[in-house]
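>>> Just a sequence and a predicted model for now, questions to come.
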Amino acid sequence: MLKRGQITIFIIIGIIVLFVVLGIFFFLQKINTGGLGVEEDKQINVDNTDSLKIFVEHCQENTAKEGLKFLAEHGGYYQVPEPSMSISFLSASSKIPYYFYQESKNFPTLEQIQTELEVYLADQLPVCLDNFKVFEKEGWKIESGAISPEVKFKDSVLLKLNYPLQISKGESQQSKDNFQGRVNFNFLEIYDIINKTVAEQEEHLNYVPIGWISAASLQNNFTFELSYPDSEIDAVVYSFNFKEHIIDDEPYHFVFANKYDWTELQQGRGIREEVVSEDGTQSSGKLDYQQIVEDQRCYVEDICSYNLNIYNDPYQFEDYSPLFDISKDGRISFRPQDKDVGVHQILVKVSDAFGEEKYLNFKLEIKTLGGISESE
């Protein structure tokens, strides 16, 4: 009869044998699947053509993300058409399109943007694939045909790729040509907001639709900025920042421009040459606003005030700024917060009883008290 100690020894030996067998089995499996010696960051098995498919689709999705960001920074275009505006804050390209050039509309359709992304993929996908060098190092020979991407915007971005590949290693030969992909990003929601902005602009071709954009930003939780570049007269750059639409952990940023015909407004002229009020008083057809409007500077937590009607003329004033609400008689007074720090372009409309209008434009710089230089 075996004693308890001898039984314990046999159990221990059995456990050791089991682990040895499992270790050998795991090692053989790693060799059969090519798992040893492969770069972990690629996460591909270069001895298996299924991994080649994974690699191509991974590159397709990453390149599509880059393309979506590039197109947004260029108004939905990969190759920006004319008319366009040159701006300085873009690194890859210095142009954005005019959606409206005075009364001419140049807004891309959803289908056009899909095509632009397809062209981007065809051009930029080879950069990610890098001639399949990671596979060729392991003895694969890969011959490729023409890249033909297809993009569809649904609740996510659907990708199809026709890309003929002839794959060989030793006596083994295979071919692959169709690849799929998806980017979990709803571009349709972005396009819907931009499209409605364009529709609102089309209703009032010569006016900045600031009221509609402000309401839309609150309803759809995005922020926006309007810039009035010194280099382009009568032009406005629209920048929409979609905080809830994320690609690679960054909010989606969409930019475009509109060009207006503000010649008459700059001269203080109204649309009508002669207008008569209800009491019989005749308008000169010109809003005679005489006050010189200068750029302003304010500091956080200090009262920021500016009177745009020092002569107490019978004008009415309306602002297009989220910073403050101007009084009807032209007085601005508010207390800036930390979130307001920066340079803001302020647009104010002045009107009279005859319906004549003029637009005032000035810069308002908001600084922190700690940002005051010694020279100030």
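Yep, that arrived. Residues are numbered from 1 along each chain as shown.
>>> neighbouring contacts of stretch 118-137?
By CB atoms under 8 Å, 6 or more residues apart in numbering, the residues outside stretch 118-137 that reach it are 39, 42, 44, 46, 52, 55-56, 59-60, 62-64, 66-67, 70-71, 78-79, 140, 142, 144, 147-151, 159, 161. (Glycine included, C-beta is placed from N, CA and C.)
>>> tell me how far the ends of it are from each other?
From its first residue to its last, stretch 118-137 covers 30 Å (CA to CA, to the nearest Å).
>>> Can you flag the buried ones in the contacts of stretch 118-137?
The neighbour count (16 or more other CB atoms under 10 Å) marks 44, 46, 52, 55-56, 59-60, 62-64, 66-67, 70-71, 78, 140, 142, 144, 147, 149, 151, 159, 161 as buried among those.
>>> Restricted to strands, list those residues.
Judged by DSSP state E, the subset of the buried ones among the contacts of stretch 118-137 located in strands is Ile142, Ser144, Pro149, Val151, Leu159, Leu161.
>>> Return the residues in contact with Val237.
Met85, Ile87, Ile96, Leu226, Ser227, Tyr228, Pro229, Val255, Phe256, Ala257.
>>> hang on, I meant Asn241
Contacts of Asn241 by CB under 8 Å, 6+ apart are Phe222, Thr223, Phe224, Glu225, Pro251, Tyr252, His253.
>>> For the stretch 151-300 of the chain, which segments count as strands?
Using DSSP state E, counting those that start in this stretch, the strands of the stretch 151-300 of the chain run over 157-169, 172-183, 222-227, 235-247, 250-259, 296-299.
>>> Pairing partners for the shortest one, with directions?
According to DSSP bridges, the neighbouring strands of strand 296-299, each with its direction, are strand 357-367 (parallel).
>>> quick one: low-confidence parts of the protein?
1-49, 88-93, 230-232, 263-286, 370-376 (pLDDT under 70).
>>> Break down it into its helices, ranges please.
4-32, 49-72, 110-129, 133-136, 187-203, 210-220, 263-266 (DSSP state H).
>>> The fifth one packs against which elements?
Helices and strands touching helix 187-203, by 3 or more CB pairs under 8 Å, 6 or more residues apart in numbering; DSSP states H and E, are strand 95-101, helix 110-129, strand 148-153, helix 210-220, strand 235-247, strand 250-259.
>>> looking at these, which is closest to Ser305?
helix 210-220 (21.9 Å; CB to CB).
>>> Take that closest one, keep the C-alpha atoms, and write them as PDB.
The C-alpha trace of helix 210-220 is given here as PDB (Å, rounded to 0.1, in the frame of the first residue of the first chain):
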ATOM      1  CA  ILE A 210     -24.900  84.800 -37.000                       C
ATOM      2  CA  GLY A 211     -28.300  84.400 -35.300                       C
ATOM      3  CA  TRP A 212     -29.000  81.100 -36.900                       C
ATOM      4  CA  ILE A 213     -25.500  79.700 -36.200                       C
ATOM      5  CA  SER A 214     -25.700  80.800 -32.600                       C
ATOM      6  CA  ALA A 215     -29.000  79.000 -32.100                       C
ATOM      7  CA  ALA A 216     -27.700  75.900 -34.000                       C
ATOM      8  CA  SER A 217     -24.600  75.800 -31.800                       C
ATOM      9  CA  LEU A 218     -26.700  75.600 -28.700                       C
ATOM     10  CA  GLN A 219     -29.000  73.000 -30.000                       C
ATOM     11  CA  ASN A 220     -26.200  70.800 -31.400                       C
END
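>>> For that helix, which helices and strands make contact with it?
Checked by 3+ CB pairs under 8 Å, 6+ apart, helix 210-220 has helix 187-203, strand 222-227 packed alongside it.
>>> Now do the first one against strand 250-259, angle only.
So the one you mean is helix 187-203. 20 degrees (axes from the mean of the first three to the mean of the last three CA atoms, to 10 degrees).
>>> would you put the C-alpha positions of helix 187-203 in PDB?
These are the backbone C-alpha positions of helix 187-203, laid out as PDB (Å, rounded to 0.1, in the frame of the first residue of the first chain):
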ATOM      1  CA  PHE A 187     -20.300  62.700 -41.000                       C
ATOM      2  CA  LEU A 188     -23.900  63.000 -42.000                       C
ATOM      3  CA  GLU A 189     -24.600  65.000 -38.800                       C
ATOM      4  CA  ILE A 190     -21.800  67.300 -39.600                       C
ATOM      5  CA  TYR A 191     -22.900  67.800 -43.200                       C
ATOM      6  CA  ASP A 192     -26.500  68.400 -42.100                       C
ATOM      7  CA  ILE A 193     -25.400  71.400 -39.900                       C
ATOM      8  CA  ILE A 194     -23.200  72.900 -42.600                       C
ATOM      9  CA  ASN A 195     -25.800  72.400 -45.200                       C
ATOM     10  CA  LYS A 196     -28.500  74.200 -43.100                       C
ATOM     11  CA  THR A 197     -26.000  77.000 -42.500                       C
ATOM     12  CA  VAL A 198     -25.500  77.300 -46.300                       C
ATOM     13  CA  ALA A 199     -29.300  77.300 -46.800                       C
ATOM     14  CA  GLU A 200     -29.700  80.100 -44.300                       C
ATOM     15  CA  GLN A 201     -27.000  82.100 -46.000                       C
ATOM     16  CA  GLU A 202     -28.700  81.600 -49.400                       C
ATOM     17  CA  GLU A 203     -31.800  83.200 -48.000                       C
END
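>>> how big is the angle separating that helix from strand 222-227?
Using the same axes, to 10 degrees: helix 187-203 against strand 222-227 is 40 degrees.
>>> Contacts for helix 187-203, please.
68, 72, 76, 99-100, 105, 107, 110, 113, 153-155, 157, 209, 212-213, 216, 220, 222, 238, 240, 242, 245, 252, 254, 256, 258.
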